[in-house]
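Asker: 3D, please:
(one chain, ligands or ions: 1)
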Amino acid sequence: MAVLVLRVIPDPVLRQTAASVALADIPKLKSLVVDMVQTMDANQGVGLAAPQVGRGLRLIVASTVQGPLALFNPVLSRRSLRTELGEEGCLSIPGVYGRVRRSVRVAVSGVAPDGQPMRFTAKGFFARVLQHEVDHLNGVLFIDRTKKITTGRERLEAMLGGTTAGYSASQPSG
Ligand SMILES: [Zn+2]
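Answerer: Numbering: from 1, shown residues only. Just a heads-up that it's a prediction; the model follows:
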C-alpha cells in the first residue's frame, strides 16, 4: 500500500481521455485500487480518478457511508433533468473551489474490482462526486464547468500559469 503522488494542473494527463480497462486486466490492478483509496483518504478526498495519479485508465474510487467504492469503466446514464448547484474542489486543483451545476440523480454502471458488474443509482452529494470523477476520465475538470470560482481564483491563475503553491485542503475535494 502506498500514498501516490497527485498530479495537479497543468499536468497533461489530466486532459487526456482515459482508456477502458479490459476485464482480464482488472486483477492486476488491485494494488492500484488500494493505493488510490489510501491516496484519497490521506488527502481528505471524497473521490479520486486514476488520471489524478498519472494512470490513464477508466478507474475511479469514492468514499461512501458504506466504505470505499471502486469502479472500473464507470458509465453514467439517466442523468436527472433536475440539477443543483454545489461547491466542488479537486485534489488536482488544490485550494480552488467553485460552484458547479450537477444532476441530482444518476444511474451508475461499471465493473467492481472483483470483476462483477455493478449497477446502482446515486443521489445528491454522492451523485455529484461520481459526475466529477467520471469527468476526469474524459479530461474534464470542474473548472471547465463552474460558473463561479468561490475560492482560490488567483491560485488557479498561478497554477495555470505553471507556478506551484502549497495548500491545505479544508473542504471536500475529489
Ligand atoms: Zn477532481
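
Asker: does the residue nearest to the spatial centre of the chain count as helix, strand or coil?
Answerer: Nearest residue to the geometric centre of the chain (Cα atoms, centre = their mean): Glu133, 2.9 Å. With DSSP: H, G, I helix; E, B strand; the rest coil as the basis, the three-state label of Glu133 is helix.

Asker: quick one: contacts for it?
Answerer: By Cβ atoms under 8 Å, 6 or more residues apart in numbering, the contact set of Glu133 is Gly47, Leu48, Ala49, Ile60, Val61, Ala62, Pro74, Gly174. (Glycine included, C-beta is placed from N, CA and C.)

Asker: what is the nearest of those residues to the ion?
Answerer: Of all these, the ion sits closest to Gly174, with 4.3 Å by Cβ to the ion.

Asker: quick one: contacts for the closest one?
Answerer: By Cβ under 8 Å, 6+ apart, the contact list for Gly174 reads 45-49, 62, 88-91, 129, 132-133.

Asker: can you do 6 Å?
Answerer: Each residue near Gly174 by Cβ atoms under 6 Å, 6 or more residues apart in numbering is listed here: Gly45, Val46, Gly47, Val129, His132, Glu133.

Asker: which of those residues ranks first by neighbour count?
Answerer: Gly47 (28 neighbours; other Cβ atoms under 10 Å).

Asker: give the bridge partners for that residue, please.
Answerer: Bridge pairing for Gly47 (DSSP bridges) gives the partners Ala62.

Asker: picking up where we left off before, now, which of the contacts of Glu133 sits nearest Glu157?
Answerer: Closest approach to Glu157 among those (Cβ to Cβ): Gly174, at 21.6 Å.

Asker: how about the nearest residue to the closest one, chain neighbours excluded?
Answerer: Distance criterion Cβ to Cβ, 6 or more residues apart in numbering; nearest residue to Gly174, sequence neighbours excluded, is Gly47 at 3.5 Å.
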